[in-house]
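1. let me see the structure of the following:
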Amino acid sequence: MQFDPHDVYVGKDIGGREVHVTPDLVARYTAGTGDDHPWYTQPSPFGGAVAPALLLHSEVYRTLTWYLPNLIGNLHAKQEWEFFGPMLVGEIVRTHSTVVERYRKRNRDYIVNEVLVTDASGRWLQRSRTHQSFLAETPADAHTDVVDKTREKRSDRRFDIGDDGGERLASVSRHITVAMCEAFSGPEKNYHNDREMARVLGFPDIVVQGMMSICFVSEVMARAFGEGWWLGGKLTLNLVNVVWGDETITTRAQVRAHEPEGRHTRVHVAVWGEKPDGTKTVIGTASALRDEPPHRFAGAN
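-> Predicted coordinates:
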């Protein structure tokens, strides 16, 4: 069986690159997310300053040769991530990207791109899988919004999570400005930082890049679990409603279970992002390691 080199198929090699983890990259991450953890610029338990776990949040989008041709209404639908070791500021890491899955669901085609990040010796540092969805058919009226701001009010876009009485981790709230979108998704203009570009692709306003919500989850987990997030953290998230420019998002996490993992304890949590009216934007699960036995978490709200 032969594949057309221009087709998007399971096993397609998207390539990779070397990345120098610089203070400037970290500063741009902070400008785009508001996450200013002191370990990013000061000594950490790993020795020197450590990069945010999701510093390379958009490496999967460095090239779009894995995208399907129909860009109208495409959306980031689901995200998985596993962390095996930290990226230290000043080191050089290597990335590599491969299409690992393709499927159809409710008139959308999904492409799954896996990105592997390794250190100079080839040791795995992290692995992620990004599920990007594309409309199977282009809308007849190209000027009609394919996703509008009323969709999130429908009953099928409401999600119940975080109401089982478990302990809460400290939450993170961010008002997402255009300046944040430019730092996070720029410098080139696109539908994640420019309203006119968003309208071209069938959206009424700036679509805040889905990875920003993933980064908010990472911030919650890093502040709660410290080293245990960089050394064994995991997350699986569904992006269920669009975050528009100039909205405020609060990211919350609630402990669900503890289980032994070697000499450590893995803490499983439910995580979600929500707008002030309770609309959920991202929902899913995450986990991290702790050295101590299960105990109450300080600072929950």
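2. average model confidence for stretch 185-199?
-> In this model, stretch 185-199 carries a mean pLDDT of 93.
3. over to stretch 22-35?
-> Averaged over stretch 22-35, pLDDT sits at 98.
4. what do you get for stretch 117-136?
-> Averaging pLDDT along stretch 117-136 yields 96.
5. check stretch 166-181 too.
-> On average, the pLDDT along stretch 166-181 is 95.
6. could you give the separation of that stretch from the chain centroid?
-> 13 Å (Cα atoms, centre = their mean, to the nearest Å).
7. any residues touching that stretch, and which ones?
-> Residues external to stretch 166-181 that are found in contact with it (Cβ atoms under 8 Å, 6 or more residues apart in numbering): 31-35, 162, 192-193, 206, 208-209, 212, 216, 219-221, 223-224, 243, 245-256, 269-270, 296-297, 299-301. The way it works is simple: take the backbone N, C-alpha and C, and place the C-beta from them, glycine included.
8. buried set for stretch 281-292?
-> By neighbour count with 16 or more other Cβ atoms under 10 Å, stretch 281-292 contains the buried residues 281-290.
9. take these and keep only those in strands.
-> With strands defined by DSSP state E, the entries of those inside them are 281-290.
10. nearest to His76 among those residues?
-> Checking those against His76 by Cβ to Cβ gives Val282 as the nearest, at 10.0 Å.
11. these two touch, right, that closest one and Ala270?
-> No: counting by Cβ atoms under 8 Å, Val282 stays clear of Ala270, with 11.5 Å between them.
12. could you count how many residues lie near Asn190?
-> Under the neighbour criterion other Cβ atoms under 10 Å, Asn190 is assigned a count of 18.
13. which ones are touching it?
-> Applying Cβ under 8 Å, 6+ apart to Asn190 gives the contacts Met197.
14. can you check Gly122 too?
-> Going by Cβ under 8 Å, 6+ apart, Gly122 touches Arg94.
15. if we can go back for a sec, ok, of the contacts of stretch 166-181, which come out buried?
-> Neighbour-count burial (16+ other Cβ under 10 Å) applied to the contacts of stretch 166-181 gives 32-35, 162, 192-193, 206, 208-209, 212, 216, 219-221, 224, 243, 245, 247, 249-256, 269-270, 297.
16. in helices, which of the residues you listed fall?
-> Using DSSP state H, 32-33, 212, 216, 219-221, 224 are the members of the buried ones among the contacts of stretch 166-181 that sit in helices.
17. list just the nearest of those to Ala183.
-> Nearest member of these to Ala183, counting by Cβ to Cβ, is Gly32, at 3.9 Å.
18. ok, the closest one - contacts?
-> The contact partners of Gly32, by Cβ under 8 Å, 6+ apart, come to 180-181, 183-185, 212, 215.
19. rerun that using 7 Å as the cut-off
-> Gly32 is in contact with 180, 183-184, counting by Cβ atoms under 7 Å, 6 or more residues apart in numbering.
20. identify each buried residue in the worst-scoring helix or strand of the chain on mean pLDDT, please.
-> Between all helices and strands in the chain, the lowest mean by mean pLDDT, DSSP states H and E belongs to helix 195-200, at a mean of 92. Residues of helix 195-200 classed as buried: 195, 197-198 (neighbour count, 16+ other Cβ under 10 Å).
21. what does that helix rub up against?
-> 189-191, 205-207.
22. so what touches stretch 158-165?
-> Contacts of stretch 158-165 (Cβ under 7 Å, 6+ apart): 240, 252, 254, 270, 272, 280, 283.
23. kindly provide the distance from the residue nearest to the second one when sequence neighbours are not counted to Leu237.
-> Think Arg252. Spatially, and ignoring its direct neighbours in sequence, Arg252 is nearest to Ser171 (4.7 Å; Cβ to Cβ, 6 or more residues apart in numbering). According to Cβ to Cβ, to the nearest Å, Ser171 stands 16 Å off from Leu237.
24. do the same with Val147
-> From Val147 to Leu237 the distance is 18 Å (Cβ to Cβ).
25. of the two, which one has the most company?
-> With neighbours defined as other Cβ under 10 Å, Val147 and Leu237 compare such that Leu237 has more, 22 against 16.
26. what about that one, helix or strand, and which?
-> Applying DSSP states H and E as the criterion places Leu237 in strand 234-239.
27. you'd agree Asp13 is up against Thr98?
-> Yes: between Asp13 and Thr98 there is a contact at 5.9 Å, judged by Cβ atoms under 7 Å.
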